[in-house]
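Peer 1: all I have is the shape, not the residue letters:
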């Protein structure tokens, strides 16, 4: 079975590229630091955001029902989907009943999670992603590699080549402004021709029954202002109790995500446009199961800012695809094994447990503790190879008995000192591929202590 | 004051000079050091790999060995954090556990928080890069991590900066992980080594002659990478620097 380590090794093997990826994301992390530092009450805001999310989570059903009542009163139409299949079927039914065959979509990780695009494409509906990064990966036939920066793994030269092939831009062109203009002209045609706009939902407000969508390119607005039909897809966890709570999250979201003071376009949808329709599809798809997991329900607070990915030293050097799941990085490594601890069993181990993700998370999800807890689950579920299970069992047993530990220590030091290099650095030794082993001393600390201080004080 | 010295297994076996230096620093400050010989390993390798059932007996063993002392001191932030932050999963409610947890210290924080060492008369004329090991930094709070917007401090940096002649170099990424991460160093060898080489490059670019830190594990990983490519860097645990500087 191929896991994160093998996929990451392939990404890291191209070291200049891995460094370029690392630098690009670190640049965003630094921007985030500057923006967060400019808010004196930053840590208090994080506390507040975590508290609001915890409260909303504890009364999730109540707030969702309140949202439905208020939204319906305002003329929105609310649909409920248990899982991805139901979600896709509902969206398809809404579109097909109105004869829609051309849809523009703004960024939504939920629809990625539900694999909505291929579902609709297979039923004769063209879905065009309108976020520039999303459009790039869509034209390349790839999923996003990051939830906020979907095409961060691509260099501008590669995008130039892709646009030359798909949009007819000049061969060899890699100037970002030129390429962006070309994409804009191409998307403009799609916006004008669209019969419906699909969006995600960043926040749904129980108190008012409205939804809020944040984009930096205004593409959600373009996609929903022209066509008469707007379908918004949201996970159940997107609910916030009151309109006043929004300010907390809007201050945290853009700063954490991209290091901007605020997202360029923050659009409130509190009614369908005159003569139009606004549908909200509320999706569970495993979220209530996560809610029932005591040690992990905090992960539902995630506002999908991607800060944990930008700060994660492993993500930066292994790329989003190495996680092989819709949501990569630390938060994805907590969420994915909740769906299937064996299939996604390598993800909780794709971390050095450095804890940077916790410290950067705007809603204070204790990510590295949850990764550790997921490791225990994976082990319990039998998701680790026999060799490792045996090594841990034997190692634990030896370390439990002082005399055995001392003998093992002596043997290990002797081996390190006496064995020929060819043997020490054989294929079995993953430590030694790029690293020297420590130079073992003749005497352990405890031996020296016994020798010099063997006076019963110990 | 009497303290029990906790020498992590790999320090005992592979880097005994760090434990000797720890004893010298403590004794020079008038502390009586005892070494309970029944100690072995805190169980972190098993616990961090998710093997709770294999780690639990080691946690119980640790409590048996160290439970009777007011203070336990170790030259390893990571192992101390294991006791303080992760033993709850195995020992919650066990008699003496709360006292053990409260009384287990990483060397530098023991010096600053318990002994309240003000001045360290010592001299260390070298350019030193401080590697802030993640568990010491973010789990024990030995310093303020760069992600958090709060007053900046570093207990280790403060101790070192008081030595005469020392120059602590400025890193472009002051607290990025070195990539050791226990079994991560082997299981994710490729990324682990890339992370380590990036740390080394940062220290070299900052002009460091030596790299120090509170955790031998991180230093062992960085040293292993540096020796393979013959980088001009020396690696010394902070206890070694303090012991030499104050000799």
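Peer 2: Received it, and whenever you're ready, just let me know what you need. Keep in mind that this is a model prediction, so the values were computed, not measured.
Peer 1: can you pull out the helices in chain B?
Peer 2: Defined through DSSP state H, the helices belonging to chain B, from first to last, are B:9-14, B:16-28, B:44-48, B:52-66, B:77-81, B:88-91, B:97-103, B:107-109, B:134, B:155-161, B:184-187, B:189-205, B:216-228, B:238-245.
Peer 1: if you look at the fifth one, does any of it touch chain A?
Peer 2: No: residues of helix B:77-81 are not located near chain A by CB under 8 Å from any CB of the partner chain, the shortest gap being 9.5 Å. All C-beta spots, glycine's among them, are computed from the backbone N, C-alpha and C.
Peer 1: again, but for the shortest one
Peer 2: Yes: with CB under 8 Å from any CB as the threshold, helix B:134 lies in contact with chain A, specifically through residue B:134.
Peer 1: out of the helices of chain B, nearest to residue A:300?
Peer 2: Taking CB to CB as the criterion, residue A:300 comes closest to helix B:88-91 out of the helices of chain B, the separation being 22.6 Å.
Peer 1: buried sites along the closest one?
Peer 2: Of the residues in helix B:88-91, those scored as buried under the neighbour-count criterion (16 or more other CB atoms under 10 Å in any protein chain shown) are B:90, B:91.
Peer 1: and the contacts of the longest helix along chain A?
Peer 2: Of all the elements of type helix in chain A, the one with the most residues (DSSP H) is helix A:15-37. Helix A:15-37 is touched from outside by A:11-12, A:42, A:149, A:152-153, A:155, A:255-261, A:307, A:309-311, A:315-319, A:360, B:146-147, B:149, B:173, B:194, B:198, with contacts defined as CB atoms under 8 Å, 6 or more residues apart in numbering or on different chains.
Peer 1: mean pLDDT for the helices of chain B - can I get that in TSV?
Peer 2: Formatted as TSV, those follow (pLDDT from 0 to 100):
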stretch	mean pLDDT
helix B:9-14	98
helix B:16-28	98
helix B:44-48	96
helix B:52-66	97
helix B:77-81	98
helix B:88-91	96
helix B:97-103	97
helix B:107-109	98
helix B:134	98
helix B:155-161	96
helix B:184-187	96
helix B:189-205	98
helix B:216-228	98
helix B:238-245	98
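Peer 1: so which of the ones you listed gets nearest residue A:327?
Peer 2: Distances from residue A:327 to each of those were compared using CB to CB; the minimum, 19.2 Å, belongs to helix B:189-205.
Peer 1: list the buried residues for stretch A:427-438?
Peer 2: Neighbour counts using 16+ other CB under 10 Å place A:430, A:431, A:432, A:434, A:435, A:436, A:437, A:438 of stretch A:427-438 among the buried residues.
Peer 1: now it, how far from the centre of its chain.
Peer 2: Its chain's average C-alpha position is 32 Å from that of stretch A:427-438, according to CA atoms, centre = their mean, to the nearest Å.
Peer 1: and the end-to-end length of it?
Peer 2: Start to finish, the residues bounding stretch A:427-438 are 18 Å apart (CA to CA, to the nearest Å).
Peer 1: that stretch near chain B at all?
Peer 2: Yes: with CB under 8 Å from any CB as the criterion, chain B is reached by stretch A:427-438 at A:430, A:431, A:433, A:434, A:435, A:436, A:437, A:438.
Peer 1: quick one: which of the residues you listed is nearest chain B?
Peer 2: Chain B has its nearest neighbour among those in residue A:435, at 3.3 Å by CB to the nearest CB.
Peer 1: I'd say that closest one and residue B:229 touch.
Peer 2: No: here residue A:435 lies out of contact with residue B:229, judged by CB atoms under 8 Å, at a distance of 9.8 Å.
Peer 1: and residue 77, how many residues sit next to it?
Peer 2: No chain in the question, so chain A it is. Residue neighbour count, defined by other CB atoms under 10 Å in any protein chain shown, stands at 14 for residue A:77.
Peer 1: that answer is for a different chain, and I need it for chain B
Peer 2: Residues lying near residue B:77 (other CB under 10 Å) number 31.
Peer 1: in ChimeraX, select just the buried ones from the contacts of helix A:15-37.
Peer 2: Isolation of the buried members of the contacts of helix A:15-37 (16+ other CB under 10 Å) is achieved in ChimeraX through the command below:
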select /A:11,12,42,149,152,153,255,256,257,258,259,307,309,310,311,315,316,317,318,319,360 /B:146,147,149,194,198
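Peer 1: restricted to strands, list the contacts of helix A:15-37.
Peer 2: Helix and strand membership here follows DSSP state E; of those, not one is in strands.
Peer 1: ok so, going back, would you reformat the buried residues of stretch A:427-438 as CSV and include secondary structure and pLDDT?
Peer 2: Formatted as CSV, the entries for the buried residues of stretch A:427-438 read as follows, by DSSP: H, G, I helix; E, B strand; the rest coil; pLDDT from 0 to 100:
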residue, secondary structure, pLDDT
A:430, coil, 95
A:431, helix, 97
A:432, helix, 97
A:434, coil, 97
A:435, coil, 98
A:436, coil, 98
A:437, coil, 97
A:438, coil, 96
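Peer 1: could you pull out the strands in the stretch 251-400 of chain A for me?
Peer 2: If DSSP state E, counting those that start in this stretch is used as the criterion, the strands of the stretch 251-400 of chain A fall at A:265-269, A:277-283.
Peer 1: packed most tightly, which of these would that be?
Peer 2: strand A:277-283 (a mean of 23; mean count of other CB atoms under 10 Å in any protein chain shown).
Peer 1: so which elements touch it?
Peer 2: Secondary structure elements in contact with strand A:277-283, counted by 3 or more CB pairs under 8 Å, 6 or more residues apart in numbering or on different chains; DSSP states H and E, are helix A:60-73, strand A:77-81, helix A:84-97, strand A:229-235.
Peer 1: report the contact partners of residue 91.
Peer 2: Because you didn't say which chain, this covers chain A. Residue A:91 is in contact with A:116, A:120, A:198, A:231, A:233, A:281, counting by CB under 8 Å, 6+ apart.
Peer 1: the chain in question should be chain B.
Peer 2: Taking CB under 8 Å, 6+ apart as the criterion, residue B:91 is in contact with B:59, B:60, B:63, B:97.
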